[in-house]
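>>> Build the 3D model from these lines:
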Amino acid sequence: MLATMRTARATLPQFLDAVQHHDSSSYNFAVKLPFTDGEQKEYIWLGEPTLESGKWYGIVDNMPEYTKEVKQGDKVAFDTASVADWNYTRNGELIGGYSVRLFRNRMTPEERQEFDKSTGWVIK
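Numbering: from 1, shown residues only. As a prediction, the model looks like this:
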């Protein structure tokens, strides 16, 4: 998992550029960030990242399980140095999504097939 975070952080400038200059073939932009609640750390996806007055914001995409710091639908500011992963879709292909790829690679062939069907992503 640490290797996936290093890769995501090393390639983050590519993602930030894509967010700011994307065309109609690119969509579903999201970043994964850590949120804490006491000693619990939970990684949560923020969708619709935007740069507003020099600050990055995103919308909490999933229902937090452990943290009460944020809730689904909240718009939150984030520091790009905290990004643990990022992804978007271009012409149906998953771009980035290093943690997604890691978890997908750990699935059985049947689970992987169901996952691919549920997301609609082409993962190379």
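
>>> in whichever helix or strand Ile95 is part of, what's buried?
Ile95 belongs to strand 93-96 when assigned by DSSP states H and E. Buried positions in strand 93-96, judged by neighbour count with 16 or more other C-beta atoms under 10 Å: 94-96. Yep, even glycine has a C-beta here, placed from its N, CA and C like the rest.

>>> Can you lay out those as TSV showing distance to Trp45 and pLDDT?
Output for the buried residues of strand 93-96, formatted as TSV (distance: C-beta to C-beta, whole Å; pLDDT from 0 to 100):
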residue	distance to Trp45	pLDDT
Leu94	13	97
Ile95	15	97
Gly96	12	97
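
>>> Show me which of those residues is closest to Gly54.
Gly96 (23.2 Å; C-beta to C-beta).

>>> Who's the closest spatial neighbour of that closest one, skipping the chain neighbours?
Asn87 (4.1 Å; C-beta to C-beta, 6 or more residues apart in numbering).

>>> residues in contact with the residue most central in space within the chain?
The residue lying closest to the centre of the chain (C-alpha atoms, centre = their mean) is Val31, at 3.4 Å. Counting by C-beta atoms under 8 Å, 6 or more residues apart in numbering, Val31 touches 15, 45-46, 49, 58, 78, 83, 85-86.
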